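Peer 1: Based on what follows, work out the 3D shape:
(chains A and B)
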Amino acid sequence: MAQPTTLQHPAASATQDAPRTGNWDGGNEPFKASYGKLMMWFFLLSDAFTFAAFLTTYGMIRHKHEVFTGDAKDFVFSTRWWPIPDHVFNAFPGMGEANVPLGFVALMTMILILSSVTMVLAVEAGHRMDKADVQKWLLWTILFGATFLASQAWEWTHFINGHAEPTIMADGTKFYGANLSMNQYGPVLFADLFFFITGFHGTHVFSGVCLLVWCFIATTNGTFEKRGHYEMIEKIGLYWHFVDLVWVFVFTFFYLV
Amino acid sequence: MASHATTEHTLAPGEIAKPNTGWIWKTFGVLVLITAVEFAITFALEGEHFKTFRNSILIGLTILKAFFIVGEFMHLKHETKGLIWTILIPVALLVWLLVALVTEGSFIGEVLQNMFK
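Peer 2: Numbers count the residues shown, from 1 in each chain, chains lettered A, B, ... in the order given. As a prediction, this is how the structure comes out:
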C-alpha cells in the first residue's frame, strides 16, 4: 500500500515541525533565479515576440517594395520606392534645415545606452545595500529615459510636419510631412511602420520611466532596505535593458540598413 | 543567484562595500565602440554595390551588441544553463521566422513588379 505523504501518523508528531525539503515541498528556485526574476524573463520573451512581429512585418513589407537603384546623391522621395532612411532622418534640433544624416538618432541611441549603464550601476549599488547610491543612479536613469522620450517627441514632430521640400502631388498640390494615410517620404506603409514601431517602443520607455519613478520613491521610503534586498530594482532593470535592446534592433533595421 | 566576484571580506554592521563597477564601464565602452563602427560603415559603404555586404556587417554588429546587453547588463551570461537555453531557443525560432518572411516579401515584390511585364 502506498504511504500517504501529507498525513502524519500521531506517533510521528515529535518530528512534525521539521521542515520538509523534498522537490515538491516548495522553497525551490528553478534555474537558481527567484520567482519574480524568472517571470520577468518570460514576460520579456513574450514582449520580444511582439517586437519581432513588428520588425518581421517591416522587413517583409520593405522587401515587397521596389528599391531605389541610382546613386544615393540623386535620391528623391517617391511613392514608387522605399526611402533611404538617412535622407528622411537628417534634421537636428536647433539646426534648422542643416543636413545631419542620422545625427539625432545616433544621439538618442547613446542616451539610451547610457541609461542602461546607470541602471546596472543602480542594481550593483542595490547588491551592496547602498541606499544613497541606488537613489543617485536611479535618478540618472530616470533623467536619461525622460530625455530619450523628449527626443522622440521632437523626432515625431519633425517627421509629421515634414521637410522644407514638399512632395508635389499628381494634381500639383504640395504635401508636407506624414500621417497614417499619406506621407511625403515614400510608400504609405513607411510612415505607418515608423509610427507603430517607434511608438510602441516609446510606450515601453514611458512605462519604464514610470516604474523607475516608483522604484525611486520606494527606495527613498526605505521599503527595499526593510525588505532586506533590492531585487525589485533588478527586475525593473531587466525590463529597462530589454527596452534598450529593442532600440538597438530598431536603430539597425529602421535607420541604418 | 550567480553573481560577479566581489571581495570576500566581512563587513561591519552598517558598513557599505566598495563599488565594483569596472566591468560595467568596460561593457559601456564596447557598446559605444560598436555603435560608432556601425555608424561609420553605414556612410562609408553607401550605394547599391555594397548593399548586401554592408547590411550583413550591420546585422552582425547588432547581434554582437545584443550579446553584450543581454549577457552582461541583463546578467544572462552568468545564469544557469537551463535559463540561458530557455531564452535563446525561442529567440532563435523568431530569427527563423524573420528570415523566412523577409524572403517571402522579396518574392511577393518580384511578382507584383513583374505582373504586367
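
Peer 1: State the next helix or strand along the chain beyond the strand or helix carrying residue B:53.
Peer 2: Assigned by DSSP states H and E, residue B:53 belongs to helix B:51-68. Using DSSP H and E, the helix or strand that follows helix B:51-68 in sequence is helix B:81-113.

Peer 1: Near the residue of chain B at minimum distance from chain A, how many other residues are there?
Peer 2: Residue nearest to chain A within chain B: residue B:105 (3.4 Å; CB to the nearest CB). To be clear about C-beta, it is placed using only N, CA and C from the backbone, and glycine gets the same treatment. Number of residues near residue B:105 (other CB atoms under 10 Å in any protein chain shown) recorded here: 20.

Peer 1: How about residue A:169?
Peer 2: 12.

Peer 1: Residue A:20 now?
Peer 2: Counted with other CB under 10 Å, residue A:20 comes out at 10.

Peer 1: Over to it: give its phi and psi.
Peer 2: Phi and psi for residue A:20, reported as degrees, to the nearest 10, are phi -90, psi 140.

Peer 1: Residue A:81 now?
Peer 2: Dihedral angles (degrees, to the nearest 10) for residue A:81: phi -130, psi 160.

Peer 1: Return the residues in contact with it.
Peer 2: Going by CB atoms under 8 Å, 6 or more residues apart in numbering or on different chains, residue A:81 touches A:65, A:66, A:67, A:68, A:186.

Peer 1: now with 6 Å?
Peer 2: Applying CB atoms under 6 Å, 6 or more residues apart in numbering or on different chains to residue A:81 gives the contacts A:66, A:67, A:68.

Peer 1: try residue A:77
Peer 2: Listed by CB under 6 Å, 6+ apart, the contact set of residue A:77 reads A:83, A:167, A:184, A:185.

Peer 1: Just confirm the second one contacts residue A:183, I think it does.
Peer 2: No - Residue A:167 lies out of contact with residue A:183 (CB atoms under 6 Å); the separation is 8.4 Å.

Peer 1: on that earlier part again, so which elements touch the helix holding residue B:53?
Peer 2: In this structure, helix B:51-68 makes packing contacts with helix B:22-44, judged by 3 or more CB pairs under 6 Å, 6 or more residues apart in numbering or on different chains; DSSP states H and E.

Peer 1: Can you dump the C-alpha atoms of the helix it packs on in PDB for me?
Peer 2: C-alpha atoms of helix B:22-44 as PDB (Å, rounded to 0.1, in the frame of the first residue of the first chain):
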ATOM      1  CA  GLY B  22      34.900  48.300 -13.700                       C
ATOM      2  CA  TRP B  23      33.100  45.700 -15.800                       C
ATOM      3  CA  ILE B  24      30.100  48.000 -16.300                       C
ATOM      4  CA  TRP B  25      32.100  50.800 -17.800                       C
ATOM      5  CA  LYS B  26      34.100  48.300 -19.900                       C
ATOM      6  CA  THR B  27      30.800  46.900 -21.400                       C
ATOM      7  CA  PHE B  28      29.700  50.500 -22.000                       C
ATOM      8  CA  GLY B  29      32.900  51.200 -23.900                       C
ATOM      9  CA  VAL B  30      32.400  48.200 -26.100                       C
ATOM     10  CA  LEU B  31      28.800  49.200 -26.800                       C
ATOM     11  CA  VAL B  32      29.800  52.800 -27.800                       C
ATOM     12  CA  LEU B  33      32.600  51.500 -29.900                       C
ATOM     13  CA  ILE B  34      30.300  49.100 -31.800                       C
ATOM     14  CA  THR B  35      27.700  51.800 -32.400                       C
ATOM     15  CA  ALA B  36      30.400  54.100 -33.700                       C
ATOM     16  CA  VAL B  37      31.600  51.400 -36.100                       C
ATOM     17  CA  GLU B  38      28.000  50.700 -37.300                       C
ATOM     18  CA  PHE B  39      27.600  54.400 -38.000                       C
ATOM     19  CA  ALA B  40      30.800  54.700 -39.900                       C
ATOM     20  CA  ILE B  41      30.000  51.600 -42.000                       C
ATOM     21  CA  THR B  42      26.500  53.000 -42.900                       C
ATOM     22  CA  PHE B  43      28.100  56.000 -44.600                       C
ATOM     23  CA  ALA B  44      31.400  54.500 -45.800                       C
END
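
Peer 1: Give me the mean pLDDT for that helix.
Peer 2: Average pLDDT, helix B:22-44: 92.

Peer 1: ok, residues contacting that helix?
Peer 2: Helix B:22-44 is contacted from outside by A:106, A:109, A:113, A:117, A:120, A:256, B:57, B:58, B:61, B:65, B:68, B:72, using CB under 6 Å, 6+ apart.

Peer 1: Now do that helix: distance to the chain's middle.
Peer 2: 12 Å (CA atoms, centre = their mean, to the nearest Å).

Peer 1: And for stretch A:249-257?
Peer 2: 14 Å.

Peer 1: picking that back up, counting neighbours, go ahead and name the busier of residue A:167 and residue A:183.
Peer 2: residue A:183 (27 against 20).
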